[in-house]
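Trainee: the following comprises the amino acid sequence and a computationally predicted model.
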Amino acid sequence: MRRKDREITDQKEILSILQRHRVCRLGMCDGPRPYVVPLSYGVEEKDGDIILYLHGAKEGRKIAIMKRNPAVCVEVDGEYSPLEAGNNPCAYSCNYVSVIGEGKAEILEEYEEKAHGLSVLMESQTGREFPFTPVQTESVAVVRVRLQLVTAKRKR
């Protein structure tokens with residue numbers, strides 16, 4: 001990271017940032033082309049790892065890419081506020097926070113894992129706990145991304 005003065009290294013703080021936001025951008029490699037899609041997500045910490053859960057249709061471009069190449073990148077950002085600089089347009093900036101993580105997408109198949117992932121996602125999104133039946137979990141794809149490399153920064 002070039003701007004070490006803005007780097008966030010505390011995992012609890014990074015987890016807190018991820019818990020406060022609702023949308024991530026998932027980046028994948030579709031052969032020679034990048035592909036990015038915004039998704040709602042759920043987050044948990046388990047055995048010292050930050051894990052994101054994503055869901056969506058069982059087939060389509062996103063799932064097809066992950067099956068060919070499970071290496072993914074996720075990005076979350078927010079807390080924007082402009083920093084005005086009068087008449088100098090090159091001096092304008094903004095406050096923000098961002099997290100970028102790299103990991104491997106795992107398309108979950110087992111009922112228990114899918115139900116857990118959907119429960120984490122719904123609790124992250126709504127603050128409520130929901131049970132999921134096998135029929136409900138069978139109707140969607142659930143993806144787990146265990147972040148292997150995480151960077152975060154903040155400008156205040």
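Mentor: Now that the structure is in, tell me what you want to look at. Numbering: from 1, shown residues only.
Trainee: show residues contacting the helix or strand bottoming out on mean pLDDT in the chain.
Mentor: The weakest-scoring helix or strand in the chain, judged by mean pLDDT, DSSP states H and E, is strand 71-83 (a mean of 94). The contact list for strand 71-83 (C-beta atoms under 8 Å, 6 or more residues apart in numbering) reads 17-18, 20-21, 23-29, 41, 52, 66, 92-105, 145, 147, 154. In this view, the C-beta of every residue, glycine as well, is placed from N, C-alpha and C.
Trainee: just the residues you listed: which are in strands?
Mentor: 23-29, 52, 93-105, 145, 147, 154 (DSSP state E).
Trainee: relative to Y92, how far out is the most centrally placed residue in the chain?
Mentor: The chain has C24 as the residue nearest its centroid, 4.3 Å off, counting by C-alpha atoms, centre = their mean. Remark: distance between C24 and Y92 (C-beta to C-beta, to the nearest Å) = 27 Å.
Trainee: what's the answer for R6, then?
Mentor: Applying C-beta to C-beta to R6 and Y92 gives a distance of 17 Å.
Trainee: of these two, which one has the most company?
Mentor: R6 (15 against 11; other C-beta atoms under 10 Å).
Trainee: not counting sequence-adjacent ones, nearest residue to I63?
Mentor: A141 (5.6 Å; C-beta to C-beta, 6 or more residues apart in numbering).
Trainee: relative to A64, how far out is that neighbour?
Mentor: 11 Å.
Trainee: more neighbours: which of those two?
Mentor: The neighbour comparison of A141 against A64 (other C-beta under 10 Å) goes to A141, with 19 against 11.
Trainee: so what sits opposite that one in the bridge?
Mentor: Beta-bridge partners for A141, by DSSP bridges, are G56.
Trainee: just C94 next, same as before
Mentor: P82.
Trainee: now swap in K46 and tell me
Mentor: The partner residues for K46, given DSSP bridges, come to D49.
Trainee: nothing else from me, thank you.
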